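Compute the structure for the input listed below.
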Amino acid sequence: MLGKNLSVHFYPKKPKNYESGLVPIYLRMTIEGEVTELCTSRKCELTGWDKRAEKVTGKNEAVRELNRYLSTYRMKVFEARLLLIEQSKAVTAAAIKSLLTGREEKSRQILEVFKQHNDQMAALVGKEFSPGTMERYRTSLDHTRSFIKWKYGVDDMPIQKLDYEFVCDYEFWLKSVRNCNHNTSIKYIANFRKIVNRCIRNGWLQKDPFVGFKMTKREVERVALTESELDSIMSKEFATERLNLVKDIFIFCCFTGLAYADVKKLKRNEIGIGIDGGKWIFTSRQKTEAPSRIPLLPLTLTLLEKYKDHPQCKQGEKLLPVLSNQKMNSYLKEIADACEINKDITFHIARHTFATTVTLGNGVPIETVSKMLGHKNLRTTQHYAKILDKKVSHDMAVLKQKLQKVS
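Residues are numbered from 1 along each chain as shown. From the prediction side, this is the model:
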């Protein structure tokens, strides 16, 4: 707990250009590495100060009165510390100083700290944070503001009011009032927890309201196309150019693992020669800014060649004429219906298909797949391996039935 280790020291402090005479006595407080000084409003002769005993030497009444004052002042420091603990306030050197001087530090507000965090983050977009991350924190701030208004009927509230009940009710509000699913709710709460952790580290909040709160996400089954479904889309020719365009870009993503945002921003200068002498994609994911290195397969090279003279590609640096995400996903539904695929196909399924059907399912090592997908750790990629485990289980169950019939 912050404030557990408190040291108090008195010392005479010579003013600038000091030559002779009385000097002010200062108090130095140190709590968990935080140092604060303040004047005691008393003075003494430098020659009469006992550095080890931290008091004035002598036996006259003025000396005794001064030493009693310093002893009382020391007691007031520890009384102020105890008062902060009793009031569940952060025990900091600055807070104790405020109590001693009668100028109590203004209580920080939850949304005020959250907004300050977001303002600092906004200044680092493009350097340390992606625009998508910034947008999520803006939304999280809006949700926190709406929740505080809903539950407490106020525009903001002191950080010290944060407790376990606040966090639990926030989760309930996200799921019931905002209709967020479990994992989305946990994401917003994780954003809010970052703000709480900042308050704790700054000494503004003593007790972590998240102690005992479970933030485990639920496993979400990642849907991917099977080999036959992928072949069905690849071999299908459509009467309209827009559907053929969407199909081609979808197939390109199925064989590169690029998400919609990444294929949309893909530029000519992100294609280079790889270690094997072939053409590779050298890019970074928009979502995480993690580097992604992907060797281009013959099919993807054919698609890039097909669209190199497309008006949208000739006019700029884009490699493929990608439409808006809404339009692309809408046309994918038409493609799925035409191919009689009973799945809600979106562009993110292309990424899942690359991870499972195209790579892992064909024996590409999981470490290699993780690198191409731009995952920051292997655990993220292992979710795709679980999908393959289900397929193995299903295939073996079919085999068991066949063997039982034979016997």
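
Now do L243 against L266, distance only.
Distance, L243 to L266, by Cβ to Cβ, to the nearest Å: 21 Å. Yep, even glycine has a C-beta here, placed from its N, CA and C like the rest.

Same drill for those two, tell me which one is more crowded.
More crowded of L243 and L266, by other Cβ atoms under 10 Å: L266, with 21 against 17.

Let me see the ranges of the strands in this structure.
Secondary structure of the chain (DSSP state E): strands at 6-12, 22-31, 34-45, 49-50, 55-56, 271-273, 279-284, 291-295.

out of these, deepest packed?
Across the strands of the chain, averaging neighbours per residue (mean count of other Cβ atoms under 10 Å) puts strand 55-56 on top, at a mean of 20.

who does that strand touch, helix- and strand-wise?
Here strand 55-56 touches strand 49-50, helix 61-86, going by 3 or more Cβ pairs under 8 Å, 6 or more residues apart in numbering; DSSP states H and E.

Identify each buried residue in the longest one, please.
In this case it means helix 61-86. When burial is assessed from 16 or more other Cβ atoms under 10 Å, helix 61-86 yields the following buried residues: L66, N67, L70, Y73, R74, V77, A80, R81, L84.

how distant is that helix from the center of its chain?
Remark: helix 61-86 is offset 45 Å from the chain centroid, using Cα atoms, centre = their mean, to the nearest Å.

Quick one: list the elements packing against that helix.
When contacts are defined as 3+ Cβ pairs under 8 Å, 6+ apart, helix 61-86 sits against strand 6-12, strand 22-31, strand 34-45, strand 55-56, helix 93-101.

please redo it, this time with the cut-off set to 7 Å
strand 6-12, strand 34-45, strand 55-56, helix 93-101 (3 or more Cβ pairs under 7 Å, 6 or more residues apart in numbering; DSSP states H and E).

Looking at these, spot the one closest to G21.
With respect to G21, and counting by Cβ to Cβ, the nearest of the helices and strands packed on helix 61-86 is strand 34-45 at 8.0 Å.

What angle do strand 6-12 and that closest one make with each other?
Relative orientation of strand 34-45 and strand 6-12, computed by axes from the mean of the first three to the mean of the last three Cα atoms, to 10 degrees: 30 degrees.

Now strand 34-45 - C-alpha only, PDB.
Presented in PDB, the C-alpha positions along strand 34-45 are these (Å, rounded to 0.1, in the frame of the first residue of the first chain):
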ATOM      1  CA  GLU A  34       8.200  10.600  -3.400                       C
ATOM      2  CA  VAL A  35       9.900  13.600  -1.700                       C
ATOM      3  CA  THR A  36       8.200  16.800  -0.600                       C
ATOM      4  CA  GLU A  37       9.600  19.800   1.400                       C
ATOM      5  CA  LEU A  38       7.800  22.500   3.300                       C
ATOM      6  CA  CYS A  39       8.800  25.300   5.700                       C
ATOM      7  CA  THR A  40       8.000  24.900   9.400                       C
ATOM      8  CA  SER A  41       7.700  28.700   9.900                       C
ATOM      9  CA  ARG A  42      10.500  28.500  12.500                       C
ATOM     10  CA  LYS A  43      14.100  29.600  12.300                       C
ATOM     11  CA  CYS A  44      17.400  28.900  14.100                       C
ATOM     12  CA  GLU A  45      21.100  29.600  14.200                       C
END
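
outside of it, which residues touch it?
Strand 34-45 is contacted from outside by 12, 22-29, 56, 66, 69-70, 73, 92-94, 97, 100-101, using Cβ atoms under 7 Å, 6 or more residues apart in numbering.

can the helices and strands packed on strand 55-56 go into a markdown table with extra columns for distance to V196 and mean pLDDT?
Listed next are the helices and strands packed on strand 55-56 as a markdown table, based on distance: least, Cβ to Cβ, whole Å; pLDDT from 0 to 100:
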| stretch | distance to V196 | mean pLDDT |
| --- | --- | --- |
| strand 49-50 | 45 | 94 |
| helix 61-86 | 19 | 91 |
